[in-house]
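J.: from the sequence below, what's the structure:
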Amino acid sequence: MRHINSLTNTTVKALRALHERKYRRQSGLFLAEGMRIVMEALDLGWTPKHLAFLDGRQDDPLVAPLIVAAENASAECLAVSHDVLAKISRKDNPQAVVASFNETWTELDQMISGRGVWVALDRVRDPGNLGTIMRSVDAAGGDGVILIGDCTDGFSVEAVRASMGACFNIKLAECSEAEFLAAIPSWQGQLIGTSLAASVDYRQANWSSPLIIMMGNEQAGLTDALTAAAKQLIRMPMLGRSDSLNLAVATGISLYEYVRHAHPEHK
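T.: Okay, here's the model as predicted:
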């Protein structure tokens, strides 16, 4: 265990840099903040690289088990001052615990060859939406998320936080639109897309698995090529003046429509 009070410490700078995508990709590491999320990762078998916590909290009944688990996993444990923790987290009132983990990505062909339930996101830009969708995928018993094209990072601090730890329990893949379209012919299940112009009410669709649910960019929706690739196009009725739903909300509704059909015991 190291005690760090210096804001210019090399490890502190390296951890703070993980807020930037380019440094996450260079190091292969990402940050997770908060005792609940870090404990979730440890419970699921993820091995931290670093565990930074507020100095003086070593004997805290919530923090102490995290330290023991991190030490058992050979993580570097850092007892840091409030100012150092604030610098790492970029918050004036930081969580008591911050940990770094290795990014884990799944190859697209491994996902396509499976028989699970996936959400494919076309150019999702809001990390809060992405994290919320990861949480919904996990809650609905889904397998993972496929990020198509220029998406926000699934391992950004904001996405990890919004996922409430679900990012540690689902699979993530990245691919270009061309790679996704090239892989789709080998997919043996349903491929559902959402479209305002679709004529099929989402409640009338075939939600049998294996299943990929394609959701489009927050402003533009699915591209023409992805729309054309869908085996089914669905819409959600708009009864008020709003002409669309938030991306994460629409994805959650779709996932639970799948649950309603696939797991009638949870109706």
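J.: could you chop this protein up by domain?
T.: According to automatic domain parsing, the chain is divided into the following domains: 2-102, 108-266.
J.: will you turn those into CSV that also has mean neighbour count and mean pLDDT?
T.: C-beta: built from backbone N, CA, C; applies to glycine. Formatted as CSV, the entries for the domains of the chain read as follows, by neighbours: other CB atoms under 10 Å; pLDDT from 0 to 100:
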stretch, mean neighbour count, mean pLDDT
domain 2-102, 17, 94
domain 108-266, 18, 91
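J.: and the helices in the protein?
T.: For the chain, the helices defined by DSSP state H cover 10-17, 21-27, 35-43, 63-72, 82-89, 108-112, 127-139, 157-163, 177-183, 224-229, 247-262.
J.: ok, now which ones touch residue 233?
T.: Residues in contact with residue 233, defined by CB atoms under 8 Å, 6 or more residues apart in numbering, are 192, 193, 194, 195, 197, 198, 199, 200, 227.
J.: coming back round to it: adding distance to residue 240, write the helices of the chain out as TSV.
T.: TSV is the format used below for the helices of the chain (distance: least, CB to CB, whole Å):
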stretch	distance to residue 240
helix 10-17	44
helix 21-27	37
helix 35-43	35
helix 63-72	46
helix 82-89	39
helix 108-112	36
helix 127-139	21
helix 157-163	26
helix 177-183	33
helix 224-229	25
helix 247-262	14
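J.: of the ones you listed, which approaches residue 97 most closely?
T.: If you check each of those against residue 97 by CB to CB, helix 35-43 wins as the nearest, at 5.1 Å.
J.: which residues does residue 192 form a beta bridge with?
T.: Residue 192 has these beta-bridge partners by DSSP bridges: residue 213, residue 232.
J.: distance check, it against residue 198.
T.: From residue 192 across to residue 198, the span is 10 Å (CB to CB, to the nearest Å).
J.: so what sits against both of the two?
T.: Contact criterion CB under 8 Å, 6+ apart; residues shared by residue 192 and residue 198: 233, 234.
J.: residue 209 and residue 117, how far apart?
T.: Distance, residue 209 to residue 117, using CB to CB: 5 Å.
J.: also residue 141?
T.: Separation of residue 141 from residue 117 (CB to CB): 7 Å.
J.: same deal with residue 186?
T.: 17 Å.
J.: before we move on, what about residue 137?
T.: Per CB to CB, residue 137 is found 8 Å from residue 117.
J.: any common contacting residues for those two?
T.: 143, 255.
J.: and the contacts of residue 233 as TSV, adding distance to residue 100?
T.: Converted to TSV, those look like this (distance: CB to CB, whole Å):
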residue	distance to residue 100
192	36
193	36
194	35
195	40
197	44
198	42
199	48
200	45
227	39
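J.: need the max-distance pair from those residues.
T.: Across the contacts of residue 233 (CB to CB), the longest gap, 14.7 Å, separates 192 and 197.
J.: please name the nearest non-neighbouring residue to residue 233.
T.: Taking CB to CB, 6 or more residues apart in numbering as the measure, residue 233 lies nearest to residue 198, with 3.7 Å between them; neighbours along the chain are not counted.
J.: touching, the one you found and residue 235? I think so.
T.: Yes: Residue 198 lies in contact with residue 235 (CB atoms under 8 Å); the separation is 4.1 Å.
J.: how far out from the middle of the chain is stretch 113-128?
T.: Shown here is stretch 113-128, whose average C-alpha point lies 9 Å from the average C-alpha point of the whole chain (CA atoms, centre = their mean, to the nearest Å).
J.: what's the answer for stretch 134-152, then?
T.: Between the mean C-alpha point of stretch 134-152 and the mean C-alpha point of its chain there is a distance of 6 Å (CA atoms, centre = their mean).
J.: what's the answer for stretch 183-203, then?
T.: 22 Å.
J.: which residues are in contact with the closest residue to residue 54 other than its chain neighbours?
T.: Leaving aside its chain neighbours, residue 54 sits nearest to residue 96 (4.9 Å; criterion: CB to CB, 6+ apart). Contact partners of residue 96, counting by CB under 8 Å, 6+ apart, are 35, 53, 54, 57, 60, 63, 85.
J.: give me that answer again for 10 Å
T.: When contacts are counted by CB atoms under 10 Å, 6 or more residues apart in numbering, residue 96 touches 33-35, 38, 52-54, 57, 60, 62-63, 66, 82, 85.
J.: I am finished for the moment; much appreciated.
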